[in-house]
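Colleague: here is the input, now give the coordinates:
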Amino acid sequence: MGRAFLACSGHFPADRAQAARDNRKRNARPAAGLGAGPAAAKISATAAQPLRCRLVVASPLFGEKARGDRSLERGKLTHRMLQILPDMPAPEREAAATRYLERAARFWPAAERQSLAASVLSVLSHPELVAVFLSEARAEVAVMGTVRINDQEYAVSGRMDRLAVEDDRVILVDFKTNRVPPVNAAGVSLAHKAQLAIYREILKPLYPDKHFDCVLVYTEGASLIRLSREDLDASLAALKTK
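Modeller: Numbering: from 1, shown residues only. Predicted coordinates:
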């Protein structure tokens, strides 16, 4: 169990007029798409409580080796486009992605820019991801809370790529830009599984009657891996043995 605080953020500089309109719309709605009522009240109350903890862990929760070539830059650009493009009408997204990459990746070969834009657009049009790209869903949701492992309470700070709250479920999505994505959950690293597992643990008290759907989306090829409850529980158990 844990305590949680959620917040949302930002736009890239492209299409500033649209971004300003979107910001005004967001400011008129409660953060993280949680709505008014008991859930929102719980967030405010827990944010005011002191955290008894000894460790702060940022997302990703476990360090990974730095990647060479353009991988890091590609990952940043991918996340940025997946953050902002869903707020635009579908017919305008391709042109917006092209304009953005012509500025942000102007020294890349045109073919690489086109490939990256195509990957992002494939994710946005994936039929199994419709819910997380609706206007009610949220992008880049900051999560802060506590989680207990081996009778030790840890503070956790991270950022979820997408969060959607429906009547009966909460969808947590994390985008991964691996060039060679795993083919199934067995091939997913402990770090990636544990990241979503810990977010789930932190948010459980806020949504006690909802099912959690935790999804890793690999942008190369727009492939999805849903982590089962057993996968998530096993990753937490593995942490307890470290």
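Colleague: CA atoms of the strand or helix carrying Gly145 as CSV?
Modeller: Per DSSP states H and E, Gly145 falls inside strand 138-149. What follows is strand 138-149, C-alpha atoms only, in CSV (Å, rounded to 0.1, in the frame of the first residue of the first chain):
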residue,chain,number,x,y,z
ARG,A,138,-3.5,12.4,-19.3
ALA,A,139,0.1,12.5,-20.6
GLU,A,140,3.3,12.8,-18.6
VAL,A,141,1.7,12.3,-15.2
ALA,A,142,4.0,12.9,-12.3
VAL,A,143,3.6,10.3,-9.5
MET,A,144,4.9,10.8,-6.0
GLY,A,145,4.1,8.4,-3.2
THR,A,146,5.4,5.7,-0.9
VAL,A,147,5.7,2.0,-1.2
ARG,A,148,6.6,-0.6,1.4
ILE,A,149,9.1,-3.3,0.6
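Colleague: off-centre distance for that strand?
Modeller: 10 Å (Cα atoms, centre = their mean, to the nearest Å).
Colleague: now do the buried residues in it.
Modeller: Arg138, Ala139, Glu140, Val141, Ala142, Val143, Met144, Gly145, Thr146, Val147 (16 or more other Cβ atoms under 10 Å). Glycine gets a C-beta too; all of them are placed from N, C-alpha and C.
Colleague: do stretch 216-235 as well
Modeller: 216-220, 222-223, 225, 227, 231-232, 234-235.
Colleague: could you dump those residues to TSV with distance to Ala104?
Modeller: Formatted as TSV, the buried residues of stretch 216-235 follow (distance: Cβ to Cβ, whole Å):
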residue	distance to Ala104
Leu216	25
Val217	21
Tyr218	22
Thr219	16
Glu220	19
Ala222	21
Ser223	25
Ile225	28
Leu227	31
Asp231	35
Leu232	34
Ala234	39
Ser235	34
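Colleague: dump those residues into TSV; add pLDDT, distance to Ala155 and secondary structure as well.
Modeller: Shown next, in TSV, are the buried residues of stretch 216-235 (pLDDT from 0 to 100; distance: Cβ to Cβ, whole Å; DSSP: H, G, I helix; E, B strand; the rest coil):
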residue	pLDDT	distance to Ala155	secondary structure
Leu216	97	24	strand
Val217	97	27	strand
Tyr218	95	29	strand
Thr219	95	30	coil
Glu220	90	33	coil
Ala222	93	34	coil
Ser223	94	33	strand
Ile225	96	28	strand
Leu227	97	23	strand
Asp231	95	24	helix
Leu232	95	20	helix
Ala234	93	23	helix
Ser235	93	19	helix
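Colleague: shouldn't Leu85 be within a strand?
Modeller: No - with DSSP: H, G, I helix; E, B strand; the rest coil as the criterion, Leu85 is helix rather than part of a strand.
Colleague: that one reaches Val123, doesn't it?
Modeller: No - applying Cβ atoms under 8 Å, one finds Leu85 not in contact with Val123, separated by 9.5 Å.
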